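Q: coordinates only, sequence not included:
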């Protein structure tokens with residue numbers, strides 16, 4: 001009876017790790033867009049893409065905003081998928097139960113993965129040229 005309870009606690013703790021990292025990603029994804037592209041986007045609560053360069057006919061258009069809602073959320077889903085693997089996936093035996101390390105790795109996946117995706121999309125669209 002003890003093993004299922006311990007398993008449930010482990011799953012709940014890992015779910016907490018994922019929930020925290022997913023919240024940070026969802027709350028600040030548009031800030032990362034602004035950081036990577038310098039496009040004029042702001043926080044969700046401060047106008048979001050209202051000032052983005054996609055509204056300027058003369059400017060290069062921000063790759064994340066110009067790929068549409070589905071594209072933007074696909075970028076976010078890619079980041080969340082990596083965070084889910086880091087939160088729930090297998091780790092080496094000695095550190096598998098270290099939730100602090102899982103949290104740090106999952107939180108770090110947001111700016112790292114998001115920046116890599118942003119750089120790839122920016123280069124693909126010739127955003128900086």
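A: Noted; the coordinates are in hand. All values derive from a computational prediction rather than experimental measurement. Residues are numbered from 1 along each chain as shown.

Q: Low-confidence ranges, the protein, go.
A: Applying pLDDT under 70 to the chain flags the ranges 1.

Q: in it, which spans are helices?
A: Counting by DSSP state H, the chain has helices at residues 2-37, 63-66, 68-88, 99-124.

Q: Now render those helices as a markdown table, adding mean neighbour count and distance to residue 50.
A: All C-beta spots, glycine's among them, are computed from the backbone N, C-alpha and C. Listed next are the helices of the chain as a markdown table, based on neighbours: other C-beta atoms under 10 Å; distance: least, C-beta to C-beta, whole Å:
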| stretch | mean neighbour count | distance to residue 50 |
| --- | --- | --- |
| helix 2-37 | 15 | 11 |
| helix 63-66 | 24 | 11 |
| helix 68-88 | 16 | 15 |
| helix 99-124 | 17 | 20 |
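
Q: quick one: which of the ones you listed is nearest residue 51?
A: Smallest distance to residue 51 across the helices of the chain (C-beta to C-beta): 9.2 Å, for helix 2-37.

Q: I figured residue 76 was touching residue 27, is that so?
A: No - look at residue 76 against residue 27 with C-beta atoms under 8 Å: they stay out of range, at 11.0 Å.

Q: hmm, who's touching stretch 36-49?
A: With contacts defined as C-beta atoms under 8 Å, 6 or more residues apart in numbering, stretch 36-49 is touched by 27-28, 30-31, 33-34, 50-54, 62-65, 114-115, 118-119, 122, 127.

Q: For residue 108, see how far away the closest residue to residue 125 other than its chain neighbours is.
A: Closest residue to residue 125 apart from its sequence neighbours, by C-beta to C-beta, 6 or more residues apart in numbering: residue 63 at 4.7 Å. Counting by C-beta to C-beta, to the nearest Å, the gap from residue 63 to residue 108 is 23 Å.

Q: Distance check, residue 37 against residue 2.
A: Taken as C-beta to C-beta, the span from residue 37 to residue 2 is 52 Å.

Q: how much space between the closest residue to residue 80 other than its chain neighbours and residue 56?
A: Leaving aside its chain neighbours, residue 80 sits nearest to residue 22 (5.6 Å; criterion: C-beta to C-beta, 6+ apart). According to C-beta to C-beta, residue 22 and residue 56 sit 32 Å apart.

Q: With that, I have no additional questions.
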